[in-house]
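# Pasting the sequence and the predicted model now:
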Amino acid sequence: MKLTILGGGGFRVPLVYGALLGDRAEGRVTRVVLHDLDAGRLAAVARVLAEQAAAVPDAPGVEVTTDLDEALRGADFVFSAIRVGGLEGRAADERVALAEGVLGQETVGAGGIAYGLRTVPVAADIARRTARLAPDAWVINFTNPAGLVTEAMARHLGDRVIGICDSPVGLGRRIARVLGADPAQAEVDYVGLNHLGWVRGLRVAGRDELPRLLADPVLLGSFEEGRLFGADWLRSLGAVPNEYLHYYYFNRETVRAYQEAERTRGAFLRDQQAGFYEQVRRPDVPALAAWERTRAERESTYMAENREAAGAGEREAEDLSGGYEKVALALMRAIARDERTTLILNVPNRGTLAALDAEAVVEVPCRVDAGGAHPVATGPLPDHATGLVCAVKAVEREVLSAAESGSRATAVKAFALHPLVDSVNVARRLLDGYRATHPGLAYLTR
């Protein structure tokens, strides 16, 4: 089975390959094709993968190419993990937004809109090419903003594109662990959009254990989201939000922490990863060891500004191991082998949330089998969550419309309608700042 990874020179690719190395079942991936526009990054990642595979018999073969059509042709699965503009683009997204006093995070608020505006046209082109060159392939989208990009690709691929994110999985795992339950046996009631969702229940043997967590201040203070949001706020909500909702609920504190930080997250990762790729160019440097050191630092500093603003302390060791690659492998197995499972995924709504239309991509539990991912019916969101979900989905739709039409006015509307952008004039300045910074936004002229 052939797996193509777009963005194959990306730093997290070894996580995916490591998961593949542990899969020995019939029908497993035997051929991995890495595609990237940067041949140097491809070579560096290929070195890491070769060292990972050195002691593994019959490891999946690895090929590299800068030719997109060659990478796609004949693929069974395609992982889309591109970053249009690179980490320099992410750092610029943060810088432009913070200069206007608003959040510049890569998936939330102004930064997420800028990232989406330059990514959607590229993702749509990939979707069209995949439909032509690998019509039977399943596309698993990692590219952020994941829900928005998945919805853009679904317009060309239908249900054969599925978005994934490890945030809901990590949240469910932490809650189960605090409650003394096996995460593999827990049924998580999670609903929302990508990076905008809430755990409303966690059932173990048919019993919802979340009320026990919310009633116990000691338990609430013993895991990351409890410290991040505070026990009183979680009890007020009656749910546990995805960590990214900290940007909404504590926006002023987070923006201030970002403004006061020595470097933004994007700038930190840009510099850190540049150092890694430079190291690995030297043949005497063990590539896998360099990657592992870099990854450990990357994971330990994740959302550091938010934790500092909330006084939440350091991340726990159990949360430094990633997880999105495990979700991706479970998804592939379910489709390729009909190994039925339930996963939290980004898929078209199809009536799951009454407040949104059928084609709106949502992040909800899905039953997965050989026919793809099928969202599980869920109860309605409370009013406060419905309002936020609808507002952010409206922004995503304006981004899609602007990307399709090239309309500057529609792009300004996308910025202005976002709950974390507080002025139409700020929205106009944001777009001007981003267009001056990113050549990929030159198309927004009409």
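Yep, it's here. Just so it is clear, the model here is predicted, and its values are computed rather than measured.

# Give me the below-cutoff pLDDT ranges for the protein.
For the chain, the stretches with pLDDT under 70 are 302-322.

# In it, which residue is most central in space?
residue 165 (4.5 Å; Cα atoms, centre = their mean).

# Check the secondary structure at that one for me.
Per DSSP: H, G, I helix; E, B strand; the rest coil, the local secondary structure of residue 165 is coil.

# Relative to residue 242, how far out is it?
Relative to residue 242, residue 165 is positioned 9 Å away (Cβ to Cβ, to the nearest Å). Glycine gets a C-beta too; all of them are placed from N, C-alpha and C.

# Quick check: the residue nearest to the centre of the chain touching residue 193?
No. In this structure, residue 165 is not within contact of residue 193 by Cβ atoms under 8 Å, at 10.3 Å.

# which stretches of the stretch 151-300 of the chain form helices?
With helices called from DSSP state H, counting those that start in this stretch, the stretch 151-300 of the chain shows them at 167-178, 210-214, 217-220, 224-229, 231-237, 246-249, 251-260, 265-280, 287-300.

# Which one, of those helices, ends up nearest to residue 358?
With Cβ to Cβ as the measure, helix 167-178 is the member of those nearest residue 358 (21.8 Å).

# where's that closest one relative to the chain centroid, distance-wise?
16 Å (Cα atoms, centre = their mean, to the nearest Å).

# returning to that earlier point: quick check: which of the helices of the stretch 151-300 of the chain is nearest to residue 150?
Of all those, helix 167-178 comes closest under Cβ to Cβ, at 14.4 Å.

# Tell me how the chain divides into domains.
Structurally, the chain divides into domains by automatic domain parsing as follows: 2-86+101-164, 168-249, 252-309.

# Need the winner for burial among those.
For these, the largest average neighbour count (mean count of other Cβ atoms under 10 Å) is found in domain 2-86+101-164, namely a mean of 21.

# how close does residue 415 sit to residue 157?
For residue 415 relative to residue 157 (Cβ to Cβ), the value is 28 Å.

# thinking again about what came up before, export the domains of the chain as CSV, with columns for distance to residue 371.
Output for those, formatted as CSV (distance: least, Cβ to Cβ, whole Å):
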stretch, distance to residue 371
domain 2-86+101-164, 9
domain 168-249, 21
domain 252-309, 35
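
# among those domains, which is nearest residue 359?
That would be domain 2-86+101-164 among the domains of the chain, by Cβ to Cβ, at 7.3 Å.

# Let me see the contact set for residue 92.
85, 266, 434, 437, 438 (Cβ atoms under 8 Å, 6 or more residues apart in numbering).

# Can you tell me which of those residues is nearest residue 133?
residue 85 (24.9 Å).

# what's the closest one in contact with, if anything?
Taking Cβ under 8 Å, 6+ apart, one finds 92, 115, 118, 438, 440 in contact with residue 85.

# hmm, try it at 7 Å
Applying Cβ atoms under 7 Å, 6 or more residues apart in numbering, we find residue 85 in contact with 118, 438, 440.

# Quick check: the gap between the residue nearest to the centre of the chain and residue 289.
29 Å.

# just residue 120 next, same as before
For residue 120, the distance to residue 289 - Cβ to Cβ - is 37 Å.

# Kindly report the same for residue 179.
37 Å.

# and what of residue 377?
For residue 377, the distance to residue 289 - Cβ to Cβ - is 47 Å.

# again, but for residue 214
Residue 214 is 43 Å from residue 289, by Cβ to Cβ.

# so what sits against both of residue 165 and residue 193?
residue 363.

# How far does stretch 377-384 sit from its chain's centre?
23 Å.
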